[in-house]
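Undergrad: need a 3D model of the following:
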Amino acid sequence: MTDTPLSLRSGAETLAAPFPPLLAEAEHLAATVLVGEHGRRRAGVGDTFWQYRPAQNHDGLRAIDWRRSARSDAQFIQEKEWQIAQSVQLWVDGAASMSFASTKDLPTKGQRARRLALAAAILLLRGGERVGLAGDTLPPRRGEAQLAQLATLLAQDTDSDFGTPEASGLLRHSRALFISDFLGDMEATEAALTRAADRDVRGALVQVLDPAEEAFPYDGRTIFESMSGSVTHETLKARDLRDRYLERLAQRKDRLATLARATGWQVHTHHTDAPASAALLWIYAALERRP
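TA: Sure thing, here's the model as predicted:
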């Protein structure tokens, strides 16, 4: 079944529903602080009252809230909420390889990737963040109109066999979320993450794989064909390929993890037979966590 903007958004809304608003944090907050109507609840610059706290030795007399202090024997400081808005940019692989599903009961890798991306966008936008796409197609913005455009653009596929991460247009000091099977050109992935790191962009990589791609449950005569149909390989002894395949997959995953560590990103492998909410929870923690 092909995703439409409406079905994609509906599925993402359902996936995002159990989670609290997600507020992304960047490594260099000072470069991206915006005073607005939404914010992460912490003390700092802003106009919205957050809490009272007991005065400390370093607090000046002008900082004391005398009206609140008059109601007790202690002196209190009125803290404001630090209002921050962070730009988060998404890249979701729409290449042919992402249309693979080993059984009819499983979503394709692309369907799962798009729902995860849009569910994360819903949480970010609810938290007051600005969300857009990597590249020049959709700059980060807030609001329901932005969510509708995200759903429309994420539903589009490309003709290539494998996707290449898009690192152009990434804003300095921002956050990013890349979702793919990462089975394509690793040199291109390395170049994209290096470019992002040069702009002080930190983020999360989610590798989406079908369970058959991890287990390689093939035996006997098997015809392997790329999803675009451009590459075909027939073997009479598929089981003989299993060990070599699994070794190469492990090497690729290890290289991706090493690359993520070197560039300040985090990486997670998600299988399409696992609950999507588990991957969304990981994205929640990865984008919120300080590097």
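Undergrad: distance check, Gly132 against Asp159.
TA: Applying C-beta to C-beta, to the nearest Å, the value for Gly132 to Asp159 is 24 Å. Where C-beta positions appear, they are placed from N, C-alpha and C, glycine not excepted.
Undergrad: neighbour count winner among these two?
TA: Gly132 (24 against 8; other C-beta atoms under 10 Å).
Undergrad: leaving out chain neighbours, which residue sits closest to that one?
TA: Leaving aside its chain neighbours, Gly132 sits nearest to Pro140 (3.6 Å; criterion: C-beta to C-beta, 6 or more residues apart in numbering).
Undergrad: dump the residue contacts of that neighbour.
TA: Pro140 sits next to 87-89, 130-132, 171, 174 when contact means C-beta atoms under 8 Å, 6 or more residues apart in numbering.
Undergrad: contacts only, for Thr269.
TA: Counting by C-beta under 8 Å, 6+ apart, Thr269 has contacts 206-207, 209, 253.
Undergrad: Ile77 and Tyr52 touch, don't they?
TA: Yes. Using C-beta atoms under 8 Å, Ile77 is in contact with Tyr52, at 6.9 Å.
Undergrad: can you pick out the residue with more neighbours from the two?
TA: The neighbour comparison of Ile77 against Tyr52 (other C-beta under 10 Å) goes to Ile77, with 18 against 14.
Undergrad: before we move on, what SS does that one have?
TA: Here Ile77 is recorded as strand under DSSP: H, G, I helix; E, B strand; the rest coil.
Undergrad: confidence score at it?
TA: Ile77 carries a pLDDT score of 76 in this model.
Undergrad: what's the answer for Leu259, then?
TA: Among the per-residue scores, Leu259 holds a pLDDT of 95.
Undergrad: can you check the one 4 residues further on too?
TA: pLDDT, Thr263: 94.
Undergrad: flag the shaky bits of the stretch 51-200 of the chain, pLDDT-wise.
TA: Judged by pLDDT under 70, the stretch 51-200 of the chain has its weakly predicted residues at 51, 58, 79-85.
Undergrad: and if we set it to 50?
TA: 81-84 (pLDDT under 50).
Undergrad: hey, where'd the strands end up in it?
TA: Along the stretch 51-200 of the chain, the segments classed as strands by DSSP state E, counting those that start in this stretch run 76-80, 87-92, 130-133, 175-180.
Undergrad: quick check: bridge partners of Arg53?
TA: Here Arg53 sits in beta bridges with Ile77, going by DSSP bridges.
Undergrad: any idea how far Ala204 is from it?
TA: 33 Å.
Undergrad: between the two, tell me which one has more neighbours.
TA: Neighbour totals were compared for Arg53 and Ala204, and Ala204 leads with 24 against 13 (other C-beta under 10 Å).
Undergrad: that one - that's part of a helix, no?
TA: No. Counting by three-state DSSP, Ala204 is not part of a helix but strand.
Undergrad: per-residue pLDDT of it, please?
TA: 96.
Undergrad: now for it: which residues touch it?
TA: The contact partners of Ala204, by C-beta under 8 Å, 6+ apart, come to 176-178, 265-268, 282-283, 286-287.
Undergrad: list just the nearest of these to Gly184.
TA: Among the contacts of Ala204, Phe178 lies closest to Gly184 (C-beta to C-beta), at 12.3 Å.
Undergrad: burial count for that closest one?
TA: Residues near Phe178, counting by other C-beta under 10 Å: 28.
Undergrad: and the longest helix anywhere in the chain, what other elements does it pack with?
TA: Of all segments of type helix in the chain, defined using DSSP state H, the longest is helix 242-263. For helix 242-263, the elements it packs on are helix 186-198, strand 202-209, strand 266-271, judged by 3 or more C-beta pairs under 8 Å, 6 or more residues apart in numbering; DSSP states H and E.
Undergrad: run through who's touching that helix.
TA: The contact list for helix 242-263 (C-beta under 8 Å, 6+ apart) reads 182-183, 186, 189-190, 193-194, 196-197, 205, 207, 213-214, 216, 218, 265-267, 269.
Undergrad: now do that helix: distance to the chain's middle.
TA: Centroid displacement of helix 242-263 relative to its chain, using C-alpha atoms, centre = their mean, to the nearest Å, is 20 Å.
Undergrad: likewise stretch 96-116?
TA: Computed by C-alpha atoms, centre = their mean, the separation of stretch 96-116 from the middle of its chain amounts to 17 Å.
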